[in-house]
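Engineer: 3D model of this:
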Amino acid sequence: MALPPGWKREEVVRQSGLSAGKTDVYYITPEGKKIRSKPQLARILGETFDLSAFDFRTGRTVYSACRKSKRQKGSSYDFARGVRHDASLVLPIRQTASIFKQPVTVVRNGPKCKSKTDLKHGTQDQPKQVFWEKRLRGLRACDSSEEVIPTMDLPRQMQGIGPDLTSENVLQSISAALHVSSGPVVGQGASKQVIMKNPGINMDTQQPHVHQVVVSSDDVHRQEQRVQLARRKLQDLMGTLE
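Structural biologist: Just a heads-up that it's a prediction; the model follows:
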């Protein structure tokens, strides 16, 4: 028997009832106390004896379970079951993603990358912040001597459009559109009233935050004159330096 010395094992055959003929197993302590179950046996022996591989019916140790029943330091002891819980055998908690649908931004690393959403709804453009120029408010460009460079003035016919935009924000928007856009820069096609109802929907993110600008032939002629004047001044300055 696998129990400590002095313990006795007793088998009693039931004589009556529906379970007549079945055998009940008991264990008797060296003091003469009768033990009727493995949890009771575990409470009597306490931490002094490992019952995790002990077969209560046969009174023997199941050696095939010894490897699994090795107790690690700090593992808990379950007196209700009469076995020790091996920390190495505890199943890990599965860390799954949320089952609720959440909005995501699809970013592709290659032109041929496609998701199920693309196949069903077509290609989705990466979202773009509408009024990102507001983050530059209060910043000023300086030259090498740390002197603030004065900003340009907008022409009268070029009016900004959008909630709480300064002239610097409008100039930054125009500069970004000229630098990034591959198409013509003409301004917003919708009216101010329509845009102000819902700027996030009605603003064209590919165009600067100004009313639609129409360039006439007179405007082109005046600009040509300014360019020619600037070239003559530059030529005269280069001549004096020589």
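Engineer: drop to CA atoms for contacts and neighbour counts, all remaining ones
Structural biologist: OK.
Engineer: in stretch 197-217, what's buried?
Structural biologist: Buried residues in stretch 197-217, counted by 16 or more other C-alpha atoms under 10 Å: 199, 202-212.
Engineer: next one: stretch 157-164
Structural biologist: 160-162.
Engineer: likewise stretch 31-46?
Structural biologist: Neighbour counts over stretch 31-46 (16+ other C-alpha under 10 Å) mark 34-35, 37-42 as buried.
Engineer: of those residues, closest to Gln193?
Structural biologist: Using C-alpha to C-alpha, Pro39 comes nearest to Gln193 of the buried residues of stretch 31-46, at 79.5 Å.
Engineer: What score does the closest one have for pLDDT?
Structural biologist: Listed pLDDT for Pro39 reads 86.
Engineer: For Val25, see how far away it is.
Structural biologist: Counting by C-alpha to C-alpha, to the nearest Å, the separation of Pro39 from Val25 is 14 Å.
Engineer: before we move on, what about Leu171?
Structural biologist: 93 Å.
Engineer: These two: which is more packed in?
Structural biologist: Looking at Leu171 and Val25 with other C-alpha atoms under 10 Å, you find the greater number of neighbours at Leu171, namely 20 against 17.
Engineer: List the neighbours of stretch 12-22 that are in contact with it.
Structural biologist: Here stretch 12-22 makes contact (C-alpha atoms under 8 Å, 6 or more residues apart in numbering) with 23-26.
Engineer: any chance you could map the helices in the protein?
Structural biologist: In the chain, helices defined by DSSP state H lie at 38-45, 66-69, 116-121, 167-180, 192-197, 199-202, 217-241, listed in chain order.
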